[in-house]
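Colleague: Coordinates for the following, if possible.
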Amino acid sequence: MIDSTLLLAPLAVGFFTTVIGTIILLPLIRHFKLVDDPATHRHPALLHRHPIPRGGGIAMTIGVLIVLAVLSPLSTVSVALIVAAGIMVCVGILDDRFDIPWSVRLGANILSSCIVVGSGITIPFITHPLGGILLLDTPLIGSVTAGDVIAVVWLTWMMNLLNWSKGVNGQMPGTVAIAAIVIALTSLRYPLSDPATTLTVILSMAIAGSALGFLPFNLHPARMFPGYSATGLYLLLAAAAILSSAKLATAFLVLAIPVIDGIVTIIRRLLRGTSPFRGDNKHLHHLLLKKGWHPTAIAVTYWSLALLFGILALALGSREKFFAILMLTVMIGGGIIFLLYSLNEHRS
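Modeller: Numbering: from 1, shown residues only. Next up, the predicted model:
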C-alpha cells in the first residue's frame, strides 16, 4: 500500500509555495523590469500588445527546490539538482531582463545538464523494442559513458523543447503538470525502498504542484509569463524522467505534441538554412492561432492530448510504446507539415 502522503505532500507544498511566491514576486518583477514588452522585445512570435511580467519560472522552480530541501533526504543527487536548477533560474532572470544571446543560454543548458549527470543521474540502458535491453554503461572517454552523453543531450533537448512550447497562455504549466504526474505514477511501479524511486516521486509531484500553482496566473489573458527562468523547472522534469530508471519512452509519449513539434521545427529551420535556435512563429500553437483557434482552446487541446497520451504510457508495455511513438510521430508530424503547407498556400 502506497502512502498517499508521498504523493500529496510534495504536490501541496509545491502548489502553495508557488502561489505565494508568485504573488510576492509580481511587484518585484515589475520593479526590476523583468517584463515582456512588445515595444522592445522584437520576436516574431509575440502575441500580446502590452508589457506583461515574465519570470514565473522563478516561483515555480523555487517551489520545487523548497520541496526537495524539506521533504527529501539530502544527497549528492538532490544537491546537484538544486545547484543546476538554480543556475538555470539565474540565467533565466538575466535573459528575462536583458534577452541574452542564445549561445549563452545553450552553454548554461549544457553546464547544468553536466552537473546533473555528474551526480549520477544517467541512462544506464534503454529497452529494446524487439526485446531485451541495450546497455549504455560502456566508458567512452575516461569514466564518461554513452549513457552519460545521451543523458546530457536529453536534458539539454528537453529544456529547449519545453521552452519552445510556452507560446500560448496556460499551455506549458498544464502540460508539465500532467507529464510530471505520469512520471510519478510510473515510478511507483518500482520499489520505494530504492531512494532514487522515492526522490523521483517527490520531485515529480513537486513539479506538478508548482506548475498547477502558476497556472491561474498564466491562463488567458495572462497576468504573468513563465519566462526563461522556467528552464530550471524543465531541467528538473527531464531529470525526473530518467532518475530512478530510464522512462524516456513514457516522457516522449506524454509530451508527444511538444517533442514532435520541436523535431519538425529543428528540421524545418535547418532546411531553410537558419539556426535551430532562431525563433519564429511556425510552431504548432502558432499555426493553430493562424487557423483561428482561441488561445484557451489550444491550451486545453495540449492538456487533453498530454493526458490521453499519458494514460497510454501507463497502460502500454515497452514494445507497444515504441510503436505508439512511431505512429504519433507520423500523425502529429504530418499534421504540422500539412498546416504549414496549407497556410502557405492560403497566403499565396
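
Colleague: Where do the helices of this protein begin and end?
Modeller: Applying DSSP state H to the chain gives helices spanning 5-31, 56-71, 76-98, 102-118, 146-164, 171-187, 195-218, 231-240, 248-254, 256-271, 284-290, 295-315, 318-347.

Colleague: I'd like the average pLDDT over the first one.
Modeller: Per-residue confidence for helix 5-31 averages out to 94 on the pLDDT scale.

Colleague: Quick one: list the elements packing against that helix.
Modeller: strand 52-53, helix 56-71, helix 195-218 (3 or more C-beta pairs under 8 Å, 6 or more residues apart in numbering; DSSP states H and E). Placement of C-beta: from N, CA and C, glycine included.

Colleague: Then the third one?
Modeller: Contact here means 3+ C-beta pairs under 8 Å, 6+ apart; on that basis helix 76-98 packs against helix 56-71, helix 102-118, helix 195-218, helix 231-240.

Colleague: quick one, the longest one and helix 76-98 angle?
Modeller: Pointing back at helix 195-218 there. Interaxial angle of helix 195-218 relative to helix 76-98 (axes from the mean of the first three to the mean of the last three C-alpha atoms, to 10 degrees): 20 degrees.

Colleague: coming back round to it: buried deepest among the helices of the chain, which one?
Modeller: helix 231-240 (a mean of 29; mean count of other C-beta atoms under 10 Å).

Colleague: Packing partners of it?
Modeller: Helix 231-240 packs on helix 56-71, helix 76-98, helix 102-118, helix 146-164, helix 171-187, helix 195-218, going by 3+ C-beta pairs under 8 Å, 6+ apart.

Colleague: I'd like to know which of those lies nearest to G227.
Modeller: G227 lies closest to helix 76-98 among the helices and strands packed on helix 231-240, at 4.2 Å (C-beta to C-beta).

Colleague: what's the angle from the closest one to helix 102-118?
Modeller: 170 degrees.

Colleague: Output helix 76-98 as CSV, restricted to C-alpha atoms.
Modeller: Below are the C-alpha coordinates for helix 76-98, written out as CSV (Å, rounded to 0.1, in the frame of the first residue of the first chain):
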residue,chain,number,x,y,z
THR,A,76,24.6,14.2,-3.9
VAL,A,77,21.8,13.9,-6.4
SER,A,78,19.4,16.3,-4.7
VAL,A,79,22.2,18.9,-4.1
ALA,A,80,23.2,18.7,-7.8
LEU,A,81,19.5,19.2,-8.9
ILE,A,82,19.3,22.3,-6.6
VAL,A,83,22.5,23.7,-7.9
ALA,A,84,21.8,23.0,-11.6
ALA,A,85,18.2,24.3,-11.4
GLY,A,86,19.5,27.4,-9.5
ILE,A,87,22.0,28.1,-12.3
MET,A,88,19.2,28.0,-14.9
VAL,A,89,17.0,30.3,-12.8
CYS,A,90,19.8,32.9,-12.6
VAL,A,91,20.5,32.6,-16.3
GLY,A,92,16.7,32.9,-16.9
ILE,A,93,16.5,36.1,-14.8
LEU,A,94,19.3,37.6,-16.9
ASP,A,95,17.5,36.6,-20.1
ASP,A,96,14.2,37.8,-18.9
ARG,A,97,15.8,41.2,-18.2
PHE,A,98,18.3,41.6,-21.0
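
Colleague: what about the protein, any weak spots by pLDDT?
Modeller: 1-3, 37, 39-49, 130, 244-246, 345-348 (pLDDT under 70).

Colleague: L135 is nearest to which of the helices of the chain?
Modeller: The nearest among these, by C-beta to C-beta, is helix 146-164 at 8.4 Å.

Colleague: Determine the set of other helices and strands touching that closest one.
Modeller: So helix 146-164, by 3+ C-beta pairs under 8 Å, 6+ apart, packs with helix 102-118, helix 231-240, helix 256-271.
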